[in-house]
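# sequence and predicted structure below; questions after.
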Amino acid sequence: HLHTDGVFLDPDENIISYMNHFNVEKAIITTINRTKYFNKKTDSNSGKSEGDNINNLMDNFKRLQPKGQLSHEDVIDLANKAPDRFYKFFWFNPKLDFKEDENYKILEDHLRKGFCGVKIHSAFNFIKFPKDIMKLISFIQEHDENIIFFIHSLPKTAFFNGILPRDIAKLARNYPNLRIMVGHAAYCMEYAVEVGMTLKNYFNVYF
């Protein structure tokens, strides 16, 4: 899977030339959280230790949260340039409960525009899995059982809400018609082994 922008691109490179260079015929494409990448502080960090920088990152992390669902116009624009190269996935934040109905209308509108998958990011959006995604799963299944559910996965840490492979397995059992993609399953060796051993027998899970 790819994002519409990222640190992996050279300054004179775009997504399509990047894919051509590495012989990638097709890719899942989704947006990025531009509040994370572009709202840079202008003040200097000189004199601060690495530990201070990490603490500041965690203290300010919630301020990086977008106020609503991320715009996916960049995904649409890119996919329109090469429609045979991309599968459009919508990065959905199910934690925006204060505008729940509006959020699902936004998602439904994008699904009607040809988005074929929905992504969640457990760490960045502080999602408790599976509690916070049950309405989303029901919505996906009722709208179209062919929609793919994409999980940006990582192990649980002291800083971030990760997702345990056993919880993904439970979701796969409860929704056997739901196709689940576990992104970043090779995050580290121990996590990759746990994912593989736990999920290898679920035919609706890809990692």
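Structure's in. What do you need?

# so where's the longest helix in the chain?
Longest helix in the chain by number of residues (criterion: DSSP state H): helix 100-112.

# after that one, next one along is what?
Under the assignment DSSP states H and E, the closest C-terminal helix or strand after helix 100-112 is strand 117-121.

# and that following strand, which strands flank it?
As defined by DSSP bridges, the strand partners of strand 117-121 come to strand 86-91 (parallel), strand 148-152 (parallel).

# now those strands as a markdown table including mean pLDDT, mean neighbour count and distance to residue 138?
C-beta: built from backbone N, CA, C; applies to glycine. A markdown table is the format used below for the strands paired with strand 117-121 (pLDDT from 0 to 100; neighbours: other CB atoms under 10 Å; distance: least, CB to CB, whole Å):
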| stretch | mean pLDDT | mean neighbour count | distance to residue 138 |
| --- | --- | --- | --- |
| strand 86-91 | 97 | 22 | 16 |
| strand 148-152 | 96 | 22 | 12 |
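
# so which of those strands comes closest to residue 18?
Nearest of those to residue 18, taken as CB to CB: strand 86-91 at 12.6 Å.

# before we move on, the earlier item: show me what the longest helix of the chain is packed against.
Judged by 3 or more CB pairs under 8 Å, 6 or more residues apart in numbering; DSSP states H and E, helix 100-112 is in contact with strand 86-91, helix 134-143.

# out of these, nearest to residue 103?
When the helices and strands packed on helix 100-112 are compared by CB to CB, helix 134-143 sits nearest residue 103, at 9.6 Å.

# now the helices and strands packed on helix 100-112 in CSV, with distance to residue 111?
Compiled in CSV, those are given as follows (distance: least, CB to CB, whole Å):
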stretch, distance to residue 111
strand 86-91, 7
helix 134-143, 6
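
# for residue 99, find the nearest of the ones you listed.
Checking these against residue 99 by CB to CB gives helix 134-143 as the closest, at 13.5 Å.

# and the contacts of that closest one?
92, 94, 100, 104, 107-108, 111, 118, 120, 130, 147, 149, 171, 175, 177-178 (CB atoms under 8 Å, 6 or more residues apart in numbering).

# can you select the buried ones among the residues you listed for me in PyMOL?
Selection of buried members from these for PyMOL, criterion 16 or more other CB atoms under 10 Å:
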select buried, resi 92+94+104+107+111+118+120+130+147+149+171+175+178
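
# how about the contacts of helix 134-143, which pair is most distant?
Every pair of the contacts of helix 134-143 checked by CB to CB; the farthest is 100 and 177, at 24.3 Å.

# alright, I will stop here.
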